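> got a sequence here, can you model it:
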Amino acid sequence: MRRRNSRQAVLHLRKLKGGSGTNLPSLNRAKLAQLVEEAVMDAYTEEEQAVGFLTMIEEHLVLPFPVKILGVDADVEKVDMTLDGQIVAICRRGKTRQEIPILDLPLPTPTPAGVEWIAAYRHWCRGFW
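Reported below is the predicted structural model:
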């Protein structure tokens, strides 16, 4: 059984430079490093570390939540990992499902609780920790 963090964190949003308009929380480097360290603890390879982030996102990101993709309303139902190791959001609109890379997902305002794990994953992907 997954444990969900029901506590809503107040996060300051910003648009990331070079991003696709995705809103992520503005966290200081120390907080990002702390989250990265927690996600990659006991993981030795890059693949194991990515699975660590998937696990933390699954445990903490409150789902489902609404998103707007190319002007169309949809819901993020779950997160998953592709065969090539990319973390994706599984979005649904009616009977149609689409995988969107989690780092390209346009997040709603306000963002759902647990979104700081996506910010930490982006930080890790960029090699800043």
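> and A119, what does it touch?
By CB atoms under 8 Å, 6 or more residues apart in numbering, the contact set of A119 is L24, P25, L27, L32, L35. In this view, the C-beta of every residue, glycine as well, is placed from N, C-alpha and C.
> in helices only, show me those.
When DSSP state H is applied, the contacts of A119 are split such that L32, L35 fall in helices.
> between the contacts of A119, which is nearest M81?
L35 (18.4 Å; CB to CB).
> quick check, the closest one in contact with W117.
Yes. At 6.6 Å, L35 and W117 qualify as touching, with contact defined as CB atoms under 8 Å.
> anything in contact with each of these two?
M56.
> which one of these two has more residues nearby?
Between L35 and W117, counting by other CB atoms under 10 Å, W117 is the more crowded of the two (25 against 22).
> tell me the SS of the more buried one?
helix (DSSP: H, G, I helix; E, B strand; the rest coil).
> that one against L61, yeah?
Yes. If you go by CB under 8 Å, W117 and L61 touch, sitting 6.3 Å apart.
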